[in-house]
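**Q** Return atomic coordinates for the entry below.
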Amino acid sequence: MALDVLVVGGGLMGASAAWRLSARGHRVTVLERFGPGHDRGSSHGTSRIFRPAYAEPTYTELALRALPLWRRLEEESGRAVLTLTGAVDHGPPEVLERLAEVLAGAGRPGLRLSPGEVAERWPGLRADTAALYHPDAGRVHADDAVAALLDAAGRRGAEVRHGVRVTEIRRTGGGATVVTDTDEALVADAVVVAVGGWAPGPAAGVVNGLPPLRVTQEQPVHFPVPDALEWPSFIHHPGAGLRLPGGVYGLGSVDGVKIGLHGVGQVVDPDHRDRTPDPAALDRLRAYAEEWLPGVAGTEPEPLTCLYTTTPDEDFVIDRQGAVTVMAGCSGHAFKFGPALGELAADLVEGGACLPRFALGRTAPGRCNPFRADLRKGRQERRNRSRSARVPSAPWGERQPAVPWPDQQPVGPGALRCLA
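**A** Have a look, this model is predicted:
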């Protein structure tokens, strides 16, 4: 049975939910407070990392579920949004071993490399101690992806309304009512609340068990080098030669090589934040580049800002109570999963169960930094999952020729469907 569904918020989460709900035949209306392509939240810009290499198998499986959906979105919208370049994780060998195990458990390739081999293939990148290359990774163009999601939803009948600020959401009988700042009252069978850094207001007022959400202003930078689009995505994990908390991420984009620290920004009010670059943060990233990124030498970094909305355990919130589904707490690593998260939301709207990891009212098992392997958690789960698909172990730096380099990897939509 087709439902009337209101989606509050038109960023990554809301747009993904709108696309997947409209694909299932539901009548969808998206209410977005700001204009198309705005830069007020967490979904703007030209680049986000796509990578299946996680310490927790749940996230690897979710990324692999998202991969064919990104390709389907490209086909429906006519926009190219995902580019596979491969990715390099480097740092402590024990961290990389865990990532390799999880990838192997999912049947995905990984190639152990020495710092010298990384420098040979990517002269602009200096690796720390040990490295793991995995080809099923790359970058998503954030602005184009959100536009494509909303466009694809519209093609399936969704109405997208920009410049509409929601002031109240309330559950009414078997459905819900949404009130706008013009006193318009919209009644629906179901509501999806996906408002990013503004979630503590509307979401907390209509559901129970929302975890504390920490909203911060993060400040990555772009180094405008001419070969930026040839760079792999990369994660530098702390613990060997790097002492920056949380590690450093990086990737190529049309704006240059982007690097950033994970979740270290100042707490802000999303309606009243100062976007002035923080000189101390800029200096930290400049110093990092001088030591680890010889390929950007001689270029001045260009800062930008965005919002993180982070849960205590850095897991997302995607759950339903009554007629209201909440998507919140992206925690700085949700973009790659976008269409798959939209599928989870659509399942909930149709009465399905949530993943316990993303539940409202959950008991947090502890902080799980997506860029740092927590070696204390999930060892047996990883062993069980990888036992049937383990690749032969090899010393760090020893090549495994079966894994292709990026220029050997088929990247067309057809090839990716068979990988997913």
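**Q** mind listing the strands for the stretch 151-300 of the chain?
**A** Using DSSP state E, counting those that start in this stretch, the strands of the stretch 151-300 of the chain run over 159-162, 166-172, 175-180, 185-188, 190-193, 214-218, 221-223, 233-236, 248-253, 256-261, 266-267.
**Q** Out of the ones you listed, which is closest to R275?
**A** strand 214-218 (7.5 Å; C-beta to C-beta). Placement of C-beta: from N, CA and C, glycine included.
**Q** So what touches that closest one?
**A** 197, 200, 260-261, 263-270, 273-275, 305-311, 332 (C-beta atoms under 8 Å, 6 or more residues apart in numbering).
**Q** Can you tell me which of the residues you listed are buried?
**A** 197, 200, 260-261, 263, 265, 268, 270, 273, 305-311, 332 (16 or more other C-beta atoms under 10 Å).
**Q** Mind checking the strands of the stretch 151-300 of the chain for the one nearest to P339?
**A** strand 190-193 (14.5 Å).
**Q** rewinding a little: and A328, which of the strands of the stretch 151-300 of the chain is closest to it?
**A** strand 190-193 (7.5 Å).
**Q** V248 touches L261, doesn't it?
**A** Yes - the criterion here is C-beta atoms under 8 Å, and V248 meets it with L261 at 6.2 Å.
**Q** what sits in contact with each of the two?
**A** Joint contacts of V248 and L261 (C-beta under 8 Å, 6+ apart) are L285.
**Q** Go through stretch 27-41 and flag the buried ones.
**A** 27-34, 38, 40-41.
**Q** which of those residues sit farthest apart?
**A** Top of the distance list for these (C-beta to C-beta): R27 and R40, 27.6 Å.
**Q** what about Y59, is that helix, strand or coil?
**A** Judged by DSSP: H, G, I helix; E, B strand; the rest coil, the three-state class of Y59 is helix.
**Q** now swap in A131 and tell me
**A** Once three-state DSSP is applied, A131 turns out strand.
**Q** That one: neighbouring residues, count only.
**A** For A131, the tally of surrounding residues (other C-beta atoms under 10 Å) stands at 28.
**Q** do the same with L355
**A** L355 has 16 neighbouring residues, counting by other C-beta under 10 Å.
**Q** Can you tell me which of the strands of the stretch 151-300 of the chain is nearest to E75?
**A** It is, among these and with distance given as C-beta to C-beta, strand 159-162, at 20.0 Å.
**Q** Isn't K336 up against F50?
**A** Yes - at 4.4 Å, K336 counts as touching F50 under the criterion of C-beta under 8 Å.
**Q** Overlap of the contact sets of these two?
**A** Counting by C-beta under 8 Å, 6+ apart, the residues touching both K336 and F50 are 63, 66, 140.
**Q** Would you reformat those residues as a markdown table and include distance to L99 and secondary structure?
**A** Formatted as a markdown table, these follow (distance: C-beta to C-beta, whole Å; DSSP: H, G, I helix; E, B strand; the rest coil):
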| residue | distance to L99 | secondary structure |
| --- | --- | --- |
| A63 | 12 | helix |
| A66 | 18 | helix |
| V140 | 20 | strand |
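**Q** Out of these, which is nearest to D319?
**A** A66 (19.0 Å).
**Q** Identify the residue nearest the closest one in space, chain neighbours excluded?
**A** A340 (3.9 Å; C-beta to C-beta, 6 or more residues apart in numbering).
**Q** Quickly note the distance from the residue lying closest to P212 once chain neighbours are set aside to R362.
**A** Nearest residue to P212, sequence neighbours excluded (C-beta to C-beta, 6+ apart): P312, at 6.1 Å. Per C-beta to C-beta, to the nearest Å, P312 is found 10 Å from R362.
**Q** again with V268
**A** Distance from V268 to R362, by C-beta to C-beta: 26 Å.
**Q** Next: A63.
**A** On the measure of C-beta to C-beta, A63 and R362 end up 21 Å apart.
**Q** Which of those two has more residues huddled nearby?
**A** Remark: of A63 and R362, A63 carries more neighbours, 22 against 18, as counted by other C-beta under 10 Å.
**Q** Test my guess that the more buried one contacts R51.
**A** Yes - using C-beta under 8 Å, A63 makes contact with R51 at a distance of 6.7 Å.
**Q** Mind listing the shared neighbours of those two?
**A** With C-beta under 8 Å, 6+ apart, A63 and R51 have common neighbours K336.
**Q** Now do the same contact list for G45.
**A** 39, 142-143, 253, 304, 306.
**Q** 10 Å instead, please
**A** 39, 141-143, 220, 222, 253, 255, 258, 304, 306, 335 (C-beta atoms under 10 Å, 6 or more residues apart in numbering).
**Q** So which residues of the chain form helices?
**A** 12-23, 57-77, 93-105, 115-121, 142-155, 279-292, 338-349, 379-386, 413-419 (DSSP state H).
**Q** need those helices in JSON lines with distance to G174 and mean pLDDT, can you?
**A** Output for the helices of the chain, formatted as JSON lines (distance: least, C-beta to C-beta, whole Å; pLDDT from 0 to 100):
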{"stretch": "helix 12-23", "distance to G174": "18", "mean pLDDT": "98"}
{"stretch": "helix 57-77", "distance to G174": "30", "mean pLDDT": "98"}
{"stretch": "helix 93-105", "distance to G174": "41", "mean pLDDT": "97"}
{"stretch": "helix 115-121", "distance to G174": "57", "mean pLDDT": "97"}
{"stretch": "helix 142-155", "distance to G174": "24", "mean pLDDT": "98"}
{"stretch": "helix 279-292", "distance to G174": "48", "mean pLDDT": "95"}
{"stretch": "helix 338-349", "distance to G174": "13", "mean pLDDT": "98"}
{"stretch": "helix 379-386", "distance to G174": "38", "mean pLDDT": "40"}
{"stretch": "helix 413-419", "distance to G174": "39", "mean pLDDT": "22"}
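**Q** re the thing from before, confidence score at the residue nearest to P212?
**A** For P312, the pLDDT comes out at 95.
**Q** shouldn't it be in contact with G329?
**A** Yes - here P312 reaches G329: they are 9.2 Å apart, a contact under C-beta atoms under 10 Å.
**Q** Any stretches of the stretch 251-400 of the chain with poor pLDDT?
**A** The stretch 251-400 of the chain contains residues with pLDDT under 70 at 364-400.
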